[in-house]
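[1] Using only what follows, build the 3D model:
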Amino acid sequence: MNDATDQPGSERPSYGSGMSDLYDERMYQPSLQLGTQLLAIARAEFNFGDRARILELGAGTGHMACQLARDGHEVTALDRSPSMVEKLLAKARKPDLLDRLRVVQADMCELNLDTTFDLIMASGNTINHVASRQLLDRLLNRARLHARNHTLIAFDFNTRLGLESWNSVSVMDSPNRTVISKGWYQHGDPLARMRMTGFSRNADHAWERFDEVITNLALPCSDLVDLLEHNHWSNVLLARPDGAHLDTESAEEQPTIMVVARARMAPQ
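    Model (predicted):
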């Protein structure tokens with residue numbers, strides 16, 4: 001491993017420094033909890049090992065990636081946001097984890113690394129951030145190219161029921177930032193959207209404008225399973241965060257589901 005950030009491919013616009021600060025302050029804990037639950041389900045259902053080569057997609061500022069590296073895994077953490085990656089590297093250097101943690105700044109839909117993995121994972125509705133069904137199909141295909149036979153893919157996913165909770169207004173207020181969030185989603189829409197706007201203090205303690213738009217892909221659970229199987233991911237498991245199994249119909253009744261599947265050999 002090296003302490004440089006690999007930057008394959010081109011970058012699209014991504015979250016700024018205000019969002020990475022807000023993520024560290026308020027938003028990382030649910031993602032970390034979901035990632036921990038995903039690992040527990042992968043171990044219970046697929047006999048996933050204690051030492052593995054792991055790719056984390058949409059790693060953000062690195063809380064999950066650093067925990068995985070501390071646990072002894074060999075981790076590649078990927079995020080397209082320069083400000084997220086900067087904070088990730090700062091965290092990784094403190095506990096001297098860079099011998100087990102590689103950081104890649106790239107768009108996950110353009111995944112093009114030089115290795116394969118035992119587990120490809122994403123938490124905190126990262127997979128919902130893909131903007132269309134076509135891009136999700138591409139992402140699952142690119143992930144499969146980085147899998148060995150029997151590699152696992154694991155992620156949480158906001159269902160259309162879960163996205164209905166975005167129809168609200170909330171205010172986050174702290175000494176360093178004030179942010180108003182307004183979300184909207186109508187059943188049948190392809191995307192849910194949330195605008196977050198306000199002010200935050202920068203590194204020089206000066207106030208600067210904060211303005212971000214977050215989208216989540218709305219997709220039937222049956223379509224999600226179909227896309228996985230189309231891209232040679234088999235034994236698809238849908239579950240509640242507590243591990244209870246779901247079929248595609250009962251999954252629609254949950255706000256968030258866990259998804260785990262195993263790579264199968266593509267036909268020659």
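
[2] Next, the contact list for Ala40, please.
    Gly243 (CB atoms under 8 Å, 6 or more residues apart in numbering). Any C-beta I mention is one placed from the backbone N, CA and C, and that applies to glycine too.

[3] which residue ranges form the strands in the stretch 1-150 of the chain?
    53-57, 74-79, 101-105, 117-122, 147-158 (DSSP state E, counting those that start in this stretch).

[4] Just give me the neighbour total for Leu136.
    Neighbour count of Leu136, defined by other CB atoms under 10 Å: 22.

[5] So, low pLDDT: which residues of the stretch 151-268 of the chain?
    266-268 (pLDDT under 70).

[6] Next, the contact list for the nearest residue to Pro241 once chain neighbours are set aside, please.
    Spatial nearest neighbour of Pro241, excluding adjacent residues (CB to CB, 6 or more residues apart in numbering): Gln37 at 4.9 Å. Residues near Gln37 by CB under 8 Å, 6+ apart: 156, 241-243, 258.

[7] Can you name the residues bridging to Met121?
    Note on Met121: beta-bridge partners Glu56, Ala154, judged by DSSP bridges.

[8] I'd guessed it sits against Ala154; true?
    Yes - using CB atoms under 8 Å, Met121 is in contact with Ala154, at 4.6 Å.

[9] Spit out the residues that contact those two alike.
    Joint contacts of Met121 and Ala154 (CB under 8 Å, 6+ apart) are 38-39.

[10] Counting neighbours, which of the contacts of Gln37 end up buried?
    By neighbour count, with 16 or more other CB atoms under 10 Å, these hold 156, 241, 258 as buried.

[11] that older thread, now distance to Leu97 and secondary structure too, for the contacts of Gln37, in CSV please.
    Putting the contacts of Gln37 into CSV (distance: CB to CB, whole Å; DSSP: H, G, I helix; E, B strand; the rest coil) gives the following:
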residue, distance to Leu97, secondary structure
Asp156, 24, strand
Pro241, 27, coil
Asp242, 30, coil
Gly243, 29, coil
Met258, 26, strand
